[in-house]
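**Student:** Got a sequence here, can you build the structure:
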Amino acid sequence: MGYMIRSVLLLGVLTGLFLFVGNLVGGKMGMTIALIMAGIMNFIAYWFSDKIVLAMYGAREITEEEAPWLHRMVEELAQRANIPKPRIYLVPMEQPNAFATGRGPGHSAVAVTAGILQLLDRDELRGVLAHELAHIKNRDVLVATMAATIAGAISYLVNMLQWALLFGHSRNEEEGNNNPLSIIGSIALIIITPIIAMIIQLAISRAREYLADETGAKISGDPLALARALEKIHNYVYQIPAEVNQGTAHLFIENPLKGEGIWELFSTHPSTEKRIERLKELARKMGRLY
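**Tutor:** Next up, the predicted model:
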C-alpha cells in the first residue's frame with residue numbers, strides 16, 4: 001500500500017507542477033491546449049500500446065500446444081492474482097528480459113524473451129511472470145499513461161514559453177516588464193521544469209516496480225525466486241546488449257539500457273540490489289527466510 005500511496009503523491013506533485021507552470025506560461029487557455037494535445041497522443045498510446053510494443057519487438061504469440069507448461073504456469077498465477085489469463089508472447093531477443101503490456105486485466109499480454117527462457121529455472125520464471133501479472137493487476141499502464149500525459153503537457157507549455165521568448169511575445173513583454181531578470185527566470189523555467197517533470201515521472205515508474213515486486217512475490221508466494229531471477233537477469237543485461245527503444249525501457253522487468261551512479265536518478269527502475277534486499281525482507285515476513 002505504501003508504494004501505491006507514493007505513486008498517488010508523485011502524480012499529485014506532477015499535477016501541481018503542471019498547474020504552476022501552466023498558470024505562469026499560458027494561463028487557463030494554454031493549460032487546456034497543452035493538456036488536450038498531450039492527452040490525444042497518450043490516449044492513442046494507451047489503447048494501442050500492446051499492439052505497438054509487441055510489433056516493435058517482433059513478438060509472436062506462443063500457443064498452448066507449443067508450450068503447455070508455460071500456459072499452465074501463467075493460468076495458475078492469473079487465478080492467484082484474480083485476473084483473466086493474459087496472452088503469452090515470445091520476443092526473439094537474446095537478452096533475458098520480460099514485460100507486460102495492455103490497457104488492463106481484460107486486455108493484456110505478457111512477453112518473455114528467448115534469453116530468459118534459457119537462463120531461468122521454472123521457479124525463477126514463475127517469479128518473473130508473477131511480477132508481470134502484478135503490473136497488469138495494478139493497472140500500471142494506466143498510471144504510466146497518466147504520468148506521461150501530464151509530463152507531456154508540461155513539455156508543451158515549456159515549448160510555448162520558448163516560442164514566446166523567441167518571438168518576443170512573452171507575457172512579461174505584454175505587461176511592459178521586459179527586464180533581464182524576467183528573461184533569465186523564463187530561461188531557467190525552460191531548462192529546469194522538463195527535468196523536474198522527467199525525474200518525477202521516473203520516480204513513479206520506480207515506485208510501480210517496487211509495488212510489482214511486492215505484489216508479484218505475494219502472488220507467487222516465493223519472493224526469493226524473484227530475487228534470484230532479478231540477480232541473474234541483472235548480470236546478463238550487462239553482457240548481452242539489446243536494441244531497445246528508450247521510450248519502452250520502463251516496461252521491462254530489468255532496464256535493458258543500464259545506467260549507474262548519478263544516472264540511476266534518471267533510470268526507469270530502482271537498483272537491482274535494493275529490489276533484492278526488499279524481496280528478502282518480504283521473504284522474512286512471510287516466513288520464507290530466517
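**Student:** What segments of the stretch 1-150 of the chain are helices?
**Tutor:** Taking DSSP state H, counting those that start in this stretch as the criterion, the stretch 1-150 of the chain contains helices spanning 2-25, 27-56, 68-81, 114-119, 122-137, 140-167.
**Student:** So for the third one, what gets flagged as buried?
**Tutor:** By that I understand helix 68-81. 70, 71, 73, 74, 76, 77, 78, 81 (16 or more other Cβ atoms under 10 Å). C-betas here are computed from N, CA, C, even on glycine.
**Student:** Student question: in the chain, what's the helix or strand with minimum average pLDDT?
**Tutor:** Using mean pLDDT, DSSP states H and E, the weakest-scoring helix or strand in the chain turns out to be helix 171-174, at a mean of 50.
**Student:** Surely residue 111 touches residue 57?
**Tutor:** Yes - contact status for residue 111 versus residue 57: in contact at 7.3 Å, counting by Cβ atoms under 8 Å.
**Student:** In terms of neighbours, single out the busier of the two.
**Tutor:** Between residue 111 and residue 57, residue 111 has the larger neighbour count (other Cβ atoms under 10 Å), namely 28 against 21.
**Student:** Apart from its chain neighbours, what residue comes closest to the more buried one?
**Tutor:** Excluding its sequence neighbours, the residue lying closest to residue 111 (Cβ to Cβ, 6 or more residues apart in numbering) is residue 89, at 4.1 Å.
**Student:** any idea how far that neighbour is from residue 97?
**Tutor:** 12 Å (Cβ to Cβ, to the nearest Å).
**Student:** Which one of these two is surrounded by more residues?
**Tutor:** A count of neighbours by other Cβ under 10 Å puts residue 97 above the other of residue 89 and residue 97, at 27 against 22.
**Student:** list the contacts for the more buried one?
**Tutor:** 91, 113, 115, 116, 233, 237, 242, 252, 253, 254, 256 (Cβ atoms under 8 Å, 6 or more residues apart in numbering).
**Student:** Pop out the phi and psi values for the fifth one.
**Tutor:** This points to residue 233. Phi and psi for residue 233, reported as degrees, to the nearest 10, are phi -60, psi -40.
**Student:** Give me the buried positions along stretch 22-37.
**Tutor:** Residues 22, 24, 25, 26, 30, 31, 33, 34, 35 are the ones in stretch 22-37 that count as buried (16+ other Cβ under 10 Å).
**Student:** need the residues you listed in CSV with distance to residue 184 and pLDDT, can you?
**Tutor:** Formatted as CSV, the buried residues of stretch 22-37 follow (distance: Cβ to Cβ, whole Å; pLDDT from 0 to 100):
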residue, distance to residue 184, pLDDT
22, 21, 75
24, 14, 72
25, 16, 72
26, 20, 68
30, 21, 72
31, 24, 75
33, 26, 78
34, 23, 74
35, 28, 76
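**Student:** Arrange those residues in JSON lines, one row each, with distance to residue 147 as further columns.
**Tutor:** Shown next, in JSON lines, are the buried residues of stretch 22-37 (distance: Cβ to Cβ, whole Å):
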{"residue": "22", "distance to residue 147": "16"}
{"residue": "24", "distance to residue 147": "21"}
{"residue": "25", "distance to residue 147": "20"}
{"residue": "26", "distance to residue 147": "21"}
{"residue": "30", "distance to residue 147": "21"}
{"residue": "31", "distance to residue 147": "17"}
{"residue": "33", "distance to residue 147": "20"}
{"residue": "34", "distance to residue 147": "15"}
{"residue": "35", "distance to residue 147": "13"}
